[in-house]
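Colleague: sharing a model that was predicted from the sequence below.
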Amino acid sequence: MEAVRIIDTQESQVLVVQPGHAKLEEVERFLILATLRRTRYNRTKSARLLGIGIRTLQRKLKQYAEEHKLGESEQQSLVCAG
């Protein structure tokens with residue numbers, strides 16, 4: 001079983017976290033990326049749904065891109081999507 005996952009129900013989505021198997025940073029990253037997919041990568045709408053500022057979201061996306069050592073074009077698409 002994955003440490004963090006989303007279960008789709010008829011009425012909503014449920015975030016499931018295995019206690020002791022996922023770090024807070026992993027849960028945050030998962031939630032941010034899932035929200036971006038849900039909003040079709042609309043950063044403004046995602047930031048509003050997450051209750052964070054657009055600059056905070058942009059900073060987090062840039063951090064994720066750097067952590068995964070994505071190529072320049074892949075970094076731009078992640079950071080600038082939306």
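Modeller: On my side now, so go ahead.
Colleague: residues near A3, how many?
Modeller: For A3, the neighbour count with other Cβ atoms under 10 Å is 15. In short, each C-beta sits where N, CA and C put it, glycine included.
Colleague: that one: what's it in contact with?
Modeller: V17, Q18, H21, A22, E26 (Cβ atoms under 8 Å, 6 or more residues apart in numbering).
Colleague: which secondary structure state does K62 sit in?
Modeller: helix (DSSP: H, G, I helix; E, B strand; the rest coil).
Colleague: and the gap between it and A22?
Modeller: K62 is 22 Å from A22, where distance means Cβ to Cβ, to the nearest Å.
Colleague: equivalent analysis for I52, please.
Modeller: Counting by Cβ to Cβ - I52 and A22 are separated by 20 Å.
Colleague: next one: R59
Modeller: 22 Å.
Colleague: next one: the residue in the chain sticking out farthest from the centre, what pLDDT does it get?
Modeller: Going by Cα atoms, centre = their mean, the residue of the chain most distant from its centre is Q10, 22.1 Å out. Q10 is assigned a pLDDT of 70 by the prediction.
Colleague: and it, that one's in a helix?
Modeller: No: counting by three-state DSSP, Q10 is not part of a helix but coil.
Colleague: tell me how far stretch 11-19 is from the chain's mean position?
Modeller: Relative to the centre of its chain, stretch 11-19 is centred 14 Å away, using Cα atoms, centre = their mean, to the nearest Å.
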